[in-house]
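Chemist: Dropping a prediction and its sequence here:
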Amino acid sequence: MKLYIGALILLSVAKPSVARATANVRGLQEEWRADLPWTDLISKLSSSTYLVNTSPSDFIDQCIPEFDKSYENRSNHNMIDQPSGLCMDQLFCAFEECNPNPDRSVPLINQQGDDPYLAYYSYSDLDDSIKKVVDDTSNPTYNLPSKVLFPVVASDVVAAINFAKEHGLEVSVKNSGHNYAGASTKKNTLHLNMNKYTQYAATGIMDCDAEITYEDMTGQPCRLSLAKGKSAVIRVGGGENWDKAYRAVLAANQEQEGGYKYHPVGGAAGTVSPMGWTFQGGLGGTTGGRLYGFGADQVLQLEMVLPSGQHVKFGPTEWEVSEGYDVPKTTTVAGVCRTNPDEMDEDNWLWGDCSEDINFDDLWFAVRGGGGGTWGVILSTHLQLHEHLPLERLFMNLEECINEDELEPSQLQSLVNAYQEFEIKAMFDPESINVTEGESNACGWPTGDAFYSCYGEGSAKVFETAWKKYFESISQRLIDDGVPVDQVDASLNCTGSVIQSFDSYADLVLSMTPIPGKIPDSPQPMITSTTATSSNIIIPKKWVLENIETAVAYFPPAPSGYKAFAGRSTAATSDQANSLSRAHRDGAYMMFIDHNLVGDDFFTYLFPEMFDTSDTTNFPGFIGSNHAGPNTRGPLKEDWTKACPLDWTAEERDEKCISLQEAIYGTKLLKRLEQIKEDIDPNYMFDCYGCIGNNRIKSVDEEEEKTDDSSSASSMLVTCCSYLIYVVCAAFGFAML
C-alpha cells in the first residue's frame, strides 16, 4: 500500500501486529547512507512514526512558497507541518551559516549585500543571482538533512539515538526551525523533527498542594515549585511550541470559576519552542520576565534522551535558602532512568536507578542556559506557572506631544534624550524617581514593540504618571537647553499615551493574529537570518547608571533595547546552578547593533568600561544567547581592542577571532560547558552550528568521517532589527521574542 504525502511516497512495511512506514526514493534521488540497515530502525518505531528521505527539492517545493507571500502575511505556522520537516523560519538558514552563497572566499561583508530590507522581500522579488543559488539543488551550502524521522513516543527517540550510536551517525533535532544561527538543521545527519511528538500541555497543568508530601521524581516538580512559593506547574512536550502552551494555559484560566489563575513566562512568538527559547536563556519582555526571571529560571524538571540512548528525567531534589535570592539554591540534582525503554505506552513506563553513572548536577547546569540541540533530545519539561496578573499595555505616544516642525534638531534631540533618561531611571534606578522596585519590575519591553507590557492592575498607569512627574522636574533644564516653552508645556501636559488592558498575553495576541486561533509569529519568517547583520550586545546595568549620558548617546534604550533584564528577579530568581552568563544576570538591556558599528573604538574604549578585561585568560561574555545569529564574533583573540574584520573570510574570522560561543559565555564558563559536553557526548553525536563544542578544532579522522560537516567556529549575532532600521521593523509590528 502506498501513502502519498506531498511529494514523498511512503511505503508501509508489514510487521507483526503493527504497520510501519518509511520513505521511498524521490525520483532519481540517491538515498543517504543506503548502506545502513534502516529497516532495523523502522522495525522498532511506533506505528504512526515515519522516516522520510528528503532533498533540497523538497525544501524548494514546500517551504519557499511561504516566503513568496508579503512579509506581513507569512507565518511559520504554515511551514511547521510540511511533510519533509525541512522548513526554517529564515529562508537562508537552510544553508550553512545562513548564507546560500557557495563561494566562501567572498568576505562576509559582501555575502548578503548591503540592502537593509532584504529580510522582508518576497522570494520572487529577490535578485536573480540570489534565486539562482537557492534554486540550485546541487548548491553545496545547502545544510539540510537527507533523512528525517518524526518521533511520536519516547521509544522512537530512544531507537533513533541507539541506531545513530551503533552506526556512527550524527543527529540533528528541531521543533520549529526558529534558531537564528541555523542550529536546528544540518546535512549528513539523522534529523529528528519533533512536531509529531506526544503533546502534554493541554492536560499538563498541575496544582500543587502544600498539604501533600511529594516524593520521588513524579512529585519533584511540585515539591520544587512549593519551595519557590508557587503552587502550579505545566508539563510541555518536546514537540510543542508557545502557541500550544499559551492556549493550554488560556483554556485552563477560562475554566476557573473565580477568574484567571495561571501565568506563564515565555517568548513572544507562538512558533518558538519552550525548549530552545528556555535553554538559550529565555527573554520574557512581553510576559513578565523582569518580574519572574529568565526562561531558564522557570524549569522545574527535564525529561530527555541522552546521546548514550538513556531515557532520563531529573531535577533538583535538595536546596537551601540563600541570602539575596528569591528562590532556594540548588544543592543536589537527582534523576532516574527508564528501565523499559522499548515500551511505547507511557502508562507502562518503569523508572529506576540508572545502570551507568550520570552527572545530573552537570546536566541540569548545562542544559539551562547552555543552548538547545547539543545535550540530547528533550521529550518534555515541567515549567513554573505563576499567580495570574492582568496585562496592561502602555504606549507613550510622544509624537502627539511634540511639534517637530517647530524645533531645531538640537532642541528635538534634547526632548528625545529626556525620554531616554526617563526610561533608564524607570527601569534601572526606579527609586530615584519615586517608583518602587516592584512597580518597575512589573514592566518590560521587547525590541520593536511600541508598548510597555506591564503586569498587575494599575501597573501601566504608574509609568505614565512617573513620566509626567519626571518631565516636570526637568522642564527648566529643557528650557535652558533652548527648547521653546510652549513645546515643554505641550509635552508636560501631553495626553497622548494609551493604556490597553487584557486578561493575559494570549488574549492580546489572539485578538490580532493573522492565523485564526493561533498565537502569531513575532517576527514573521524572513529571507535572511533575523540577526544576520548585527550583534546583540547586553549593556551592563552598572555601566548604564554610571554613564547615563553616554548610554543615551550611543546605546539609547528606546526603541531598540530589549528590556527583559535588570529587574530584581532576573538575578534573584537564579537557583545558582545554571549556565546563563553573568552578562545576562547583570544586564540592563540588550541592543541589536549593526556589525559595522561594533568596531575598534567600541572594543578599545567602551568594552573595557562595561566588562572586566583585567584577566587576559578570561574573556568576558557580552553577547545575548537568545536571537544570536550566524555572523557575530568577539574581537581578535590576540588583541581584545580590535574588532573582528568584516572583510575577512569566514575561515579567517573563525581562526583569529573570539568565537561566538566564547562571546556569549566567556572563557571560564565556556570551558566548563565544553567539559560537560565531552563527558555527555564524547563522540559529538549532536554538533549543531553555534552550539557548545561546535567551534572545537576537528581532528583529521573526524573530518573524514563527517564529510561536508560544518567545522567553522560558532558565531552568534543578532538582528535585522538594528537601531538604524528599527523603523522598518516597527512598521511591521516586529516584537522580538
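Modeler: Perfect, thanks for sending it. Numbering: from 1, shown residues only.

Chemist: residue contacts, F163?
Modeler: The neighbours of F163, taking Cβ atoms under 8 Å, 6 or more residues apart in numbering as the test, are D40, L41, K44, L169, L190. Just so you know, the C-beta spots here come from the backbone N, C-alpha and C atoms, and that holds for glycine as well.

Chemist: Surely it forms part of a helix?
Modeler: Yes: the assignment for F163 is a helix, going by DSSP: H, G, I helix; E, B strand; the rest coil.

Chemist: how far away is it from E343?
Modeler: 18 Å (Cβ to Cβ, to the nearest Å).

Chemist: quick one: secondary structure of G444?
Modeler: Going by three-state DSSP: G444 is strand.

Chemist: Make sure it is actually in contact with A564.
Modeler: Yes: under the criterion of Cβ atoms under 8 Å, G444 makes contact with A564 at 5.3 Å.

Chemist: More neighbours: the two, which one.
Modeler: Applying other Cβ atoms under 10 Å to G444 and A564 shows that A564 carries more neighbours, namely 35 against 28.

Chemist: so who does the more buried one touch?
Modeler: When contacts are taken as Cβ under 8 Å, 6+ apart, A564 is in contact with L283, G284, G285, G289, R290, F294, G444, P446, T570, M590.

Chemist: Per-residue confidence, it, what does it come out as?
Modeler: A564 carries a pLDDT value of 92.

Chemist: So for the biggest helix by length in the chain, what gets flagged as buried?
Modeler: With secondary structure taken from DSSP state H, the chain has its longest helix at helix 409-428. For helix 409-428, a neighbour-count test (16 or more other Cβ atoms under 10 Å) marks 411-412, 414-415, 417-428 as buried.

Chemist: Mind giving me the PyMOL select for the contacts of A564, buried ones only?
Modeler: PyMOL command restricting the contacts of A564 to the buried ones, with burial defined by 16+ other Cβ under 10 Å:
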select buried, resi 283+284+285+289+290+294+444+446+570+590
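
Chemist: The closest residue to N78 other than its chain neighbours: what's it in contact with?
Modeler: Computed as Cβ to Cβ, 6 or more residues apart in numbering, the closest residue to N78 that is not its neighbour in sequence is E66, at 5.3 Å. Neighbour list for E66: R74, S75, N76, N78, M79, C87, P525 [criterion: Cβ under 8 Å, 6+ apart].

Chemist: Shouldn't E66 be within a helix?
Modeler: Yes: counting by three-state DSSP, E66 is part of a helix.

Chemist: ok, back up a step: tell me the one of the contacts of A564 nearest D357?
Modeler: For the contacts of A564, the closest approach to D357 (Cβ to Cβ) belongs to F294, at 29.9 Å.

Chemist: Surely that closest one and A572 touch.
Modeler: No: using Cβ under 8 Å, F294 makes no contact with A572, being 11.3 Å away.

Chemist: Would you mind giving the secondary structure of Y589?
Modeler: The three-state label given to Y589 by three-state DSSP is strand.

Chemist: ok, it - how many residues close by?
Modeler: Count around Y589 with other Cβ under 10 Å applied: 31.

Chemist: OK, contacts around it?
Modeler: With Cβ under 8 Å, 6+ apart, Y589 has these contacts: M427, I538, I539, V544, P557, G561, Y562, K563, F565, A566.

Chemist: Out of those residues, who's the most crowded?
Modeler: For the contacts of Y589, neighbours tallied by other Cβ under 10 Å; top is Y562, 32 neighbours.

Chemist: ok, and the closest non-adjacent residue to that one?
Modeler: M590 (4.1 Å).

Chemist: do the same with L291
Modeler: Per Cβ to Cβ, 6+ apart, closest to L291 is N441, 4.8 Å.

Chemist: quick one: that neighbour and R290 touch, right?
Modeler: Yes: with contacts counted by Cβ under 8 Å, N441 reaches R290, the gap being 4.8 Å.

Chemist: so what sits against both of these two?
Modeler: Residues touching both N441 and R290 (Cβ under 8 Å, 6+ apart): G567, S569.

Chemist: Take the contacts of E66 and write them to a markdown table, including secondary structure.
Modeler: Shown next, in a markdown table, are these (three-state DSSP):
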| residue | secondary structure |
| --- | --- |
| R74 | coil |
| S75 | coil |
| N76 | coil |
| N78 | helix |
| M79 | helix |
| C87 | coil |
| P525 | coil |
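
Chemist: a markdown table please, covering those residues and showing neighbour count, distance to W277 and pLDDT.
Modeler: Converted to a markdown table, these look like this (neighbours: other Cβ atoms under 10 Å; distance: Cβ to Cβ, whole Å; pLDDT from 0 to 100):
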| residue | neighbour count | distance to W277 | pLDDT |
| --- | --- | --- | --- |
| R74 | 22 | 20 | 95 |
| S75 | 21 | 18 | 95 |
| N76 | 25 | 14 | 96 |
| N78 | 19 | 20 | 96 |
| M79 | 23 | 18 | 97 |
| C87 | 27 | 18 | 97 |
| P525 | 26 | 17 | 95 |
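
Chemist: Could you report the neighbour count for the residue nearest to L291?
Modeler: Count around N441 with other Cβ under 10 Å applied: 24.

Chemist: Return the per-residue confidence for it.
Modeler: We note a pLDDT of 95 for N441 in this prediction.

Chemist: Now it, what are its backbone angles?
Modeler: Phi and psi for N441, reported as degrees, to the nearest 10, are phi -60, psi -20.

Chemist: How much space separates it from V435?
Modeler: According to Cβ to Cβ, N441 and V435 sit 10 Å apart.

Chemist: One more: E651?
Modeler: Per Cβ to Cβ, E651 is found 51 Å from V435.

Chemist: same thing with P102?
Modeler: Remark: distance between P102 and V435 (Cβ to Cβ) = 54 Å.

Chemist: Q413 too?
Modeler: 25 Å.

Chemist: and what of D594?
Modeler: D594 is 33 Å from V435, by Cβ to Cβ.

Chemist: got it, and Y589?
Modeler: Counting by Cβ to Cβ, the gap from Y589 to V435 is 17 Å.

Chemist: Ok, S491 next?
Modeler: Relative to V435, S491 is positioned 19 Å away (Cβ to Cβ).

Chemist: Can you list the residue ranges for helices in the stretch 301-450 of the chain?
Modeler: Shown for the stretch 301-450 of the chain, the helices assigned by DSSP state H, counting those that start in this stretch span residues 360-367, 409-428, 437-441.

Chemist: Relative to N253, which of the ones you listed is closest?
Modeler: helix 437-441 (22.4 Å).

Chemist: Give the buried residues for that closest one.
Modeler: Residues of helix 437-441 classed as buried: E439, S440, N441 (neighbour count, 16+ other Cβ under 10 Å).

Chemist: The closest residue to S440 other than its chain neighbours: what's it in contact with?
Modeler: Nearest non-adjacent residue to S440, counting by Cβ to Cβ, 6+ apart: P430, 3.7 Å away. Shown in contact with P430 (Cβ under 8 Å, 6+ apart): T436, E437, E439, S440.

Chemist: list the contacts for the third one?
Modeler: Read it as E439. P430, S459, V462 are the contacts of E439 under Cβ under 8 Å, 6+ apart.

Chemist: Let me see the confidence value for the first one.
Modeler: Just to be clear, that refers to P430. Checking the pLDDT column for P430, the value is 96.

Chemist: hey, where'd the helices end up in the stretch 101-250 of the chain?
Modeler: 128-135, 154-167, 216-227, 242-254.

Chemist: a markdown table please, covering those and showing mean pLDDT and distance to E356.
Modeler: Converted to a markdown table, those look like this (pLDDT from 0 to 100; distance: least, Cβ to Cβ, whole Å):
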| stretch | mean pLDDT | distance to E356 |
| --- | --- | --- |
| helix 128-135 | 94 | 45 |
| helix 154-167 | 98 | 13 |
| helix 216-227 | 96 | 18 |
| helix 242-254 | 98 | 33 |
